[in-house]
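J.: My questions concern the predicted model and sequence given below.
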Amino acid sequence: MPEERNPDPVAAAARAALEARGISARRLAKKLGMKPRTVLDFLNERRGTRDSTRISICRELGIDHEQAGAA
């Protein structure tokens with residue numbers, strides 16, 4: 001049986017922020033100097049993401065990663 005994971009509220013907040021700003025994940029990755037795959041994997045919750053990567057994405061999008069994670 002596949003392991004069920006709880007949705008990541010930080011990734012959800014980041015997806016909402018990108019959509020609200022009309023920015024693509026690829027554009028965000030380029031701006032941050034990251035590979036698009038890294039950003040897309042975080043946004044789509046495909047694998048674990050390093051804290052430093054999560055923080056960089058949140059800062060760029062104006063998200064308080066600690067508050068979003070506590071929601």
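T.: Sure thing, it's come through. Numbering: from 1, shown residues only.
J.: For the rest of this, base every contact and every neighbour count on C-alpha atoms.
T.: Fine.
J.: quick one: Ala29 from Pro36, how far?
T.: Counting by C-alpha to C-alpha, to the nearest Å, the gap from Ala29 to Pro36 is 5 Å.
J.: Isn't Thr49 up against Leu40?
T.: No: counting by C-alpha atoms under 8 Å, Thr49 sits too far from Leu40 to count as a contact (10.6 Å).
J.: quick one, which of the two is more surrounded?
T.: Each of Thr49 and Leu40 has its neighbours counted (other C-alpha atoms under 10 Å); Leu40 has more, 18 against 14.
J.: Now name the helix or strand holding the more buried one.
T.: Element membership of Leu40, judged by DSSP states H and E, is helix 36-43.
J.: Any buried residues in the helix or strand following that helix, and which?
T.: Downstream of helix 36-43, the first helix or strand assigned by DSSP H and E is helix 51-61. Across helix 51-61, burial judged by 16 or more other C-alpha atoms under 10 Å covers Arg54, Ile55, Ile57, Cys58, Leu61.
J.: Beyond the longest helix along the chain, next helix or strand please.
T.: Ordering each helix of the chain by length in residues (DSSP state H) puts helix 9-21 first. Counting by DSSP H and E, the element after helix 9-21 in chain order, helix or strand, is helix 25-32.
J.: which helices and strands does that following helix pack with?
T.: Here helix 25-32 touches helix 36-43, helix 51-61, going by 3 or more C-alpha pairs under 8 Å, 6 or more residues apart in numbering; DSSP states H and E.
J.: For Ala17, which of those is the nearest?
T.: Among these, helix 51-61 comes nearest to Ala17, with 6.4 Å by C-alpha to C-alpha.
J.: now stretch 26-33, how far from the centre of its chain.
T.: Mean-position distance between stretch 26-33 and its chain equals 12 Å (C-alpha atoms, centre = their mean, to the nearest Å).
J.: in that stretch, what counts as buried?
T.: So for stretch 26-33, counting by 16+ other C-alpha under 10 Å, buried means Arg26, Leu28, Ala29.
J.: Gly33 is in contact with the first one, correct?
T.: No: at 10.3 Å, Arg26 does not count as touching Gly33 under the criterion of C-alpha under 8 Å.
J.: what angle do the helix holding Leu40 and helix 25-32 make?
T.: Counting by axes from the mean of the first three to the mean of the last three C-alpha atoms, to 10 degrees, helix 36-43 lies at 110 degrees to helix 25-32.
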